[in-house]
Structures are given as C-alpha cells and as structure tokens.
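Visitor: this is the structure alone, sequence omitted:
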Ligand SMILES: NC(=O)C1=CN([C@@H]2O[C@H](COP(=O)(O)OP(=O)(O)OC[C@H]3O[C@@H](n4cnc5c(N)ncnc54)[C@H](OP(=O)(O)O)[C@@H]3O)[C@@H](O)[C@H]2O)C=CC1
Ligand SMILES: O=CCCC(=O)O
C-alpha cells in the first residue's frame, strides 16, 4: 500500500521544513479565522449544538490547521477487523465490491442501500442490513458512503434519517463518492457539527480494482480519521493519498476523471476513423498498446469497444457528471477546458441516446451516430 501524505499545494521537498501551523493553511486563506487563544492552546469552551458528554480536551494548533469549528471531539480509535463495526451506504457497482472486501477481511459491516434488494448478497455474506443511513451511522464507528452524485451524497448525509443524524463524537464519516468540493465541504460542516470527523476519499480505479482491493484513495479532511481508517482503506485499496483540507481530494478526482473522459472520446474517434479508412480496429489497439500512448484503459476497453458491447463497469452517466463538475470547477477558477467541453458534449449525446447506464466506453456509439449524420448530410448535398 502506497501512502502519500501531502497537504495541498506543498511540494514534497518543502514538507519536511514546514512545521508552523500557519504555513499549512488551506489554499486561498490568507490567515486562520480562529481566535488567538486557539493558536496558544488556551482551553476554549465547546460550541457544539449537539448534546453530548463534554470532553476535557482543549483545542490546540492541530485543530487550527484545518480551521475546524469549535466543538469537542472524542478521541477516535484505529479501526481493526474483529474490533470495529464499519458502515457502508450506497451498494452500487463500487459499494458492493468494496463492502465485500471489508467482510472478507473480517470487519463487521452494517449496510444500507436505497434499493434494499442490492444488500441481499452482502447479507448472505455476513453483513447486517439497516433500515436507514442514520441506523448505519448509529451502529458503526466509521461509516463509508459510495453514492452517485452530489445530490445523492447530500441527501443521504443530511436528510432526517441520514448519516449525520446517527453520528456522535468518536465516530467518523468517509465519503468515497465522486462529488465537487463544495458538496464535500457542506457535508464536512454537518458532520463536524455533530461532533464527528470527516474524510472525503474519492477513488481512482473501477469495478475490477474495487473487486481486487486495488483502488487508489484520494483523501482530504480530518487527518486523524485518515489514520484511524488506514486498515479498511488498505483492505479496499493499493494506495492512499492524504491531500489536505476537504476539497483537495474532490478536485484531484475531478482532474483525473476529466483527463480520462477526454482520453476515452479521443480513443473512440480513433477507432471510428480507423474503421472508416479500412484499418482493423484490433490492429489499432495493438499498435497503441505498444507505443508511448499505451494505457491500461485502452487495452481493457478497446476489444469490447470494437465489439460494440458496453457492460457497465463505470456508468457513462457518472463520467458525464464528472466532466460537468470538472467544467464547473474550471469556470470557477477561470481555467478554460475546451477539450473537456468537447468530450462532455459527446457524453451528453450518448446519454440522450439512452446509454447513461452503459459503460462510459459506450461514448463510441455517440461517435458512430455523428459519423452517420455526416454521411447523411453529404448524401443530401
Ligand atoms: N463505477 C466506477 O468505475 C467508479 C465509480 N466512481 C464513483 O462512485 C460513485 C458510485 O458509482 P457506482 O457504484 O459505479 O454507481 P452505481 O450507479 O452502481 O451506484 C450508485 C449508488 O448511489 C445510490 N443512489 C443514487 N441516488 C441516490 C439517492 N438519491 N439516494 C440514495 N441513494 C442513491 C444508488 O442506489 P440505488 O441502488 O438505490 O439506485 C447506488 O447505491 C459515483 O460517484 C461514481 O462517479 C468512482 C470510481 C470508479
Ligand atoms: O471514476 C471512475 C474511475 C474509473 C477508473 O479510474 O478506471
């Protein structure tokens, strides 16, 4: 398992010499907005609105580091199989495979999914099925979520019987869904107001790596929670990065998936062009695989794209959502993204063709429709 701990915006070489808390404030903040007494570790009363047993901890420079709200947090413990109850909400393609690995590793797991049918295989493998996300969080020490999009992530966290309603000091919430930074920050604020800790941890890697326990976690948020859930992250993944304040993991994931989405459309166009000029698509896949642009994704998806079969590993609707979120991020920071915008248009076209639930490589079919439209147009001239 690769472990990389690197606060956002800090080059590796510069890390060792940086110790003052003020030097690792979140990017975009010129100074910490906490009171001076916090910097000096003077005891500060808890301001949590949630009734709980007051702790005796005082706030210190570590709390200042990520500008957390002034609430008590009970000490959190390291998760271990046979000792820690874990929760998992969102049993889709990814959630199913990830939960399976936690069960196989010996963790007790409580699960919930909107469509409860999807929990049945896990129940047979030893998971406990809860009636609501709140019940999961109440039963578990650490709850993971793997949900479709920002709307689902916010709803499952914040609704009346949502995860946050079941949290308390000493518990943690780890959202591994792909969402935007603002969504993540809103969930983090609600989690901390409940006295719990929050980690965003979107993953790189699809259905196969999820099944093999080889995901790559791009985490940010409460570093003590990152440390506490090292064991379950290691069960589900082959590498984990701690990138700093929440938002950094979400942004990293959107950057990676924006590149991936555009790579896939470019590859689909290449296969279409090759076919049009009488080249064998299988030969293109082989040539690409031997050269400088070889990529596991092309090797994996190429043959099924040539056969025009698209069993979903990464649903196309999620790839389009990621491009939409990446474009919004680019807009926010005034970074033009013309390639991503062009790719997004193709995924939108594919969704309109009814391919949202197919694998994202089905964008090939949007390319095919455009090809046919060009032929038709020429025929009419
Ligand atoms: N598949 C992949 O290769 C990868 C996916 N991701 C990301 O992981 C997340 C999940 O992806 P994946 O497992 O493939 O997707 P799926 O579509 O298979 O699963 C989506 C999950 O979200 C739940 N959900 C959706 N809307 C709601 C809602 N309003 N309220 C409650 N639950 C809801 C679904 O519940 P229900 O079953 O009831 O519909 C399901 O559990 C996405 O953010 C995706 O971008 C990240 C890396 C790789
Ligand atoms: O978000 C989905 C990512 C898929 C992958 O990394 O292969």
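Guide: Good, I have the coordinates. As the structure is a prediction and not an experimental result, all values here were calculated from the model. Ligands and ions are numbered 1, 2, ... in the order given.
Visitor: whichever helix in the chain runs longest close to ligand 1?
Guide: Longest helix of the chain, by residue count under DSSP state H: helix 248-276. No - applying Cβ under 6 Å from any ligand atom, one finds helix 248-276 separated from ligand 1 by no less than 7.6 Å. Using the backbone N, CA and C atoms, a C-beta is placed for each residue, glycine as well.
Visitor: buried residues in that helix?
Guide: Residues of helix 248-276 classed as buried under the neighbour-count rule (16 or more other Cβ atoms under 10 Å) are 248-254, 256-258, 260-265, 267-272, 274.
Visitor: quick one: whichever residue of the chain sits closest to ligand 2 and residue 294, what's the gap?
Guide: When scored by Cβ to the nearest ligand atom, the chain has residue 206 as its residue closest to ligand 2, at 3.7 Å. The spacing between residue 206 and residue 294, counted by Cβ to Cβ, to the nearest Å, is 18 Å.
Visitor: residue 220 now?
Guide: Residue 220 is 31 Å from residue 294, by Cβ to Cβ.
Visitor: same drill for the two, tell me which one is more crowded.
Guide: residue 220 (30 against 12; other Cβ atoms under 10 Å).
Visitor: any idea of the pLDDT on the residue of the stretch 1-150 of the chain found nearest ligand 1?
Guide: When scored by Cβ to the nearest ligand atom, the stretch 1-150 of the chain has residue 92 as its residue closest to ligand 1, at 1.9 Å. Residue 92 is assigned 98 on the pLDDT scale.
Visitor: quick check: it touching residue 118?
Guide: Yes - in terms of Cβ atoms under 8 Å, residue 92 counts as a neighbour of residue 118; the distance is 7.2 Å.
Visitor: quick one: which of the two has more around it?
Guide: Legend: neighbour count by other Cβ under 10 Å for residue 92 and residue 118, higher for residue 92 (19 against 16).
Visitor: those helices in the stretch 251-381 of the chain, which residues are they?
Guide: Here the stretch 251-381 of the chain has its helices, by DSSP state H, counting those that start in this stretch, at 281-290, 296-306, 316-332, 338-352, 363-380.
Visitor: now tabulate the ones you listed in a markdown table and tack on distance to ligand 2.
Guide: Formatted as a markdown table, the helices of the stretch 251-381 of the chain follow (distance: least, Cβ to the nearest ligand atom, whole Å):
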| stretch | distance to ligand 2 |
| --- | --- |
| helix 281-290 | 17 |
| helix 296-306 | 7 |
| helix 316-332 | 6 |
| helix 338-352 | 13 |
| helix 363-380 | 14 |
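Visitor: quick one: closest of the ones you listed to residue 176.
Guide: Proximity to residue 176, assessed across the helices of the stretch 251-381 of the chain by Cβ to Cβ, is greatest for helix 316-332 (13.1 Å).
Visitor: buried sites along the closest one?
Guide: For helix 316-332, a neighbour-count test (16+ other Cβ under 10 Å) marks 316-327, 329-330 as buried.
Visitor: tell me which of the residues you listed is nearest to ligand 1?
Guide: For the buried residues of helix 316-332, the closest approach to ligand 1 (Cβ to the nearest ligand atom) belongs to residue 318, at 3.6 Å.
Visitor: ok, is the longest helix of the chain in contact with ligand 2 or not?
Guide: Yes - Helix 248-276 is in contact with ligand 2 by Cβ under 6 Å from any ligand atom, via residue 257.
Visitor: helices or strands up against that helix?
Guide: Packing partners of helix 248-276 (3 or more Cβ pairs under 8 Å, 6 or more residues apart in numbering; DSSP states H and E): helix 181-193, strand 203-204, strand 215-221, helix 281-290, helix 296-306, helix 316-332, helix 338-352, helix 363-380.
Visitor: now, of those, which is deepest in the fold?
Guide: Highest mean neighbour count of the helices and strands packed on helix 248-276: strand 215-221, a mean of 27 (counted as mean count of other Cβ atoms under 10 Å).
Visitor: about what we covered before: any idea of the mean pLDDT for the longest helix of the chain?
Guide: The average pLDDT within helix 248-276 is 98.
Visitor: phi and psi next, for residue 229.
Guide: Reported as degrees, to the nearest 10, the phi and psi values for residue 229 are phi -100, psi 20.
Visitor: which parts of the chain sit against ligand 2?
Guide: So the chain meets ligand 2 at 178, 204, 205, 206, 257, 314 (Cβ under 6 Å from any ligand atom).
Visitor: residues contacting the fourth one?
Guide: Under the criterion of Cβ atoms under 8 Å, 6 or more residues apart in numbering, the neighbours of residue 206 are 313, 314.
Visitor: grab the nearest non-local neighbour of the residue of the stretch 1-150 of the chain closest to ligand 1.
Guide: Nearest residue to residue 92, sequence neighbours excluded (Cβ to Cβ, 6 or more residues apart in numbering): residue 146, at 6.6 Å.
Visitor: again with residue 257
Guide: Closest residue to residue 257 apart from its sequence neighbours, by Cβ to Cβ, 6+ apart: residue 322 at 4.0 Å.
Visitor: please apply the same query to residue 247.
Guide: Residue nearest to residue 247 in three dimensions, not counting chain neighbours: residue 181, with 3.4 Å by Cβ to Cβ, 6+ apart.
Visitor: list the contacts of that neighbour.
Guide: Residue 181 sits next to 246, 247, 248, 250, 251, 329 when contact means Cβ under 8 Å, 6+ apart.
Visitor: one more time with 7 Å
Guide: 247, 250, 251 (Cβ atoms under 7 Å, 6 or more residues apart in numbering).
Visitor: kindly report the same for residue 115.
Guide: No residues are in contact with residue 115 under the rule Cβ under 7 Å, 6+ apart.
Visitor: could you do residue 282 as well?
Guide: With contact set as Cβ under 7 Å, 6+ apart, residue 282 has these partners: residue 306.
Visitor: show me what the host helix or strand of residue 103 is packed up against.
Guide: Using DSSP states H and E, residue 103 sits in helix 93-104. For helix 93-104, the packing partners by 3 or more Cβ pairs under 7 Å, 6 or more residues apart in numbering; DSSP states H and E come out as strand 85-89, strand 108-112, helix 207-212, helix 230-236.
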